[in-house]
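Chemist: Sharing a model prediction with you, sequence too.
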Amino acid sequence: MTQKLSPDSVDSSQQDDRLWNEYYPKLQRYCRFLAQSSWDGDDIANETYLKALKYHPQQMSSALLNKIAYHHWVDLLRKRKNETIEADFDQPIHEVTKQLDEMTHAVELLLKQFTPKQAVIFMLKEAFQYQLKEIADLLRTTEMAVKASLHRAKKRLEKDDQAFSVESFWDEVEKEQLTDIFYEALKNQDPTVLIQSIPSITSIKEVPKIISRNFQSGHSSTPSSTLCMAA
């Protein structure tokens, strides 16, 4: 098993304190999500971080680290399967990697194509089957406004519109925050964490009221699959 790292265990000539402090906690959360295990997740995060040291600090981003971690995890799954006569996985490896790939694609799609409000609306509507009226209540806006926002979002997907950039709508801190929230909501197939975070997302502006729902009834589709199908 890989030896656990700490900032002091990395050669100071290679160690970028800002990189460690800014990116490693997010990378660690993502890797624990991938592995569904704190121990394996920390190992993947450590290996990913070591691989990332070869990149120039200006190249570094959470997206790059997540990509390195994802491919390392896929390679690890394949290695374990090859070394084990009877693979001890609940699902075939191709199904596991397919789900992870779909989930990663879904989150990247939300961040790249939509404004923060559109991303939240699209997630609630397409992944968790919320009604327009319910979403409007959560965002303290009108049903018509939600419908219009959803329509614009879908049009952007259909046309794959690259002319209009949404970067100016995103705050980097909130973007990182929503990335973690989207992953957690999709992983747990439960939008509670997303709903509870809405008041802290300043780019959405409106203060919502929480709607309690029975998430088990009438929600049989997998969120990540639903988002990818919609895309």
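Modeler: That came through fine.

Chemist: which SSE is the residue lying closest to residue 118 once chain neighbours are set aside in?
Modeler: Once flanking residues are discounted, residue 118 sits nearest to residue 153: 4.4 Å by CB to CB, 6 or more residues apart in numbering. (Glycine included, C-beta is placed from N, CA and C.) Counting by DSSP states H and E, the element that carries residue 153 is helix 143-159.

Chemist: Following element in sequence after that helix, please.
Modeler: helix 172-188.

Chemist: Is there a neighbour count for residue 196? I'd like the number.
Modeler: Per other CB atoms under 10 Å, the neighbour tally for residue 196 reads 12.

Chemist: who touches residue 147 in this structure?
Modeler: Taking CB atoms under 8 Å, 6 or more residues apart in numbering, we find residue 147 in contact with residue 132.

Chemist: separation between it and residue 131?
Modeler: Relative to residue 131, residue 147 is positioned 11 Å away (CB to CB, to the nearest Å).

Chemist: Residue 170 is in contact with residue 116, isn't it?
Modeler: Yes: under the criterion of CB atoms under 8 Å, residue 170 makes contact with residue 116 at 6.3 Å.

Chemist: any shared contact partners between these two?
Modeler: residue 203.

Chemist: Which helix or strand lies directly C-terminal to the helix or strand where residue 109 lies?
Modeler: Using DSSP H and E, residue 109 sits in helix 93-113. The helix or strand immediately downstream of helix 93-113 is helix 116-122, counting by DSSP H and E.

Chemist: which residues sit against that following helix?
Modeler: When contacts are defined by CB under 8 Å, 6+ apart, helix 116-122 is touched by residues 110-111, 114, 135, 139, 146, 149-150, 152-153, 169-170, 174, 178, 182, 194, 198, 201, 203-204, 227, 230.

Chemist: Drop anything exposed from the residues you listed.
Modeler: Neighbour counting by 16 or more other CB atoms under 10 Å classes 110-111, 114, 135, 139, 146, 149-150, 153, 170, 174, 178, 182, 194, 198, 201, 204, 227 among these as buried.

Chemist: Could you give me the buried positions within stretch 104-122?
Modeler: For stretch 104-122, the neighbour count (16+ other CB under 10 Å) marks 104, 106-107, 109-111, 113-122 as buried.

Chemist: do the same with stretch 39-52
Modeler: By neighbour count on 16+ other CB under 10 Å, the buried set for stretch 39-52 is 40, 41, 42, 43, 44, 45, 46, 47, 48, 49, 52.

Chemist: In terms of helices and strands, where is the fourth one?
Modeler: Looking back up the chat, that one is residue 43. Assigned by DSSP H and E, residue 43 falls within helix 38-52.

Chemist: For that helix, name the packing helices and strands.
Modeler: helix 17-35, helix 62-83 (3 or more CB pairs under 8 Å, 6 or more residues apart in numbering; DSSP states H and E).

Chemist: quick one, it and helix 62-83 angle?
Modeler: On the basis of axes from the mean of the first three to the mean of the last three CA atoms, to 10 degrees, helix 38-52 is oriented at 120 degrees to helix 62-83.

Chemist: Only C-alpha atoms, please: export helix 38-52 in CSV.
Modeler: Provided in CSV are the C-alpha atoms of helix 38-52 (Å, rounded to 0.1, in the frame of the first residue of the first chain):
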residue,chain,number,x,y,z
SER,A,38,-11.2,6.6,2.6
TRP,A,39,-8.2,4.4,2.6
ASP,A,40,-8.1,3.6,-1.1
GLY,A,41,-9.2,7.1,-1.9
ASP,A,42,-6.2,8.6,0.0
ASP,A,43,-3.9,6.3,-1.8
ILE,A,44,-5.2,7.4,-5.2
ALA,A,45,-5.0,11.0,-4.1
ASN,A,46,-1.3,10.6,-3.1
GLU,A,47,-0.4,8.8,-6.3
THR,A,48,-2.2,11.5,-8.3
TYR,A,49,-0.5,14.3,-6.5
LEU,A,50,3.0,12.8,-7.2
LYS,A,51,2.1,12.4,-10.9
ALA,A,52,0.9,16.0,-10.9
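
Chemist: Thanks again, I'm all set now.
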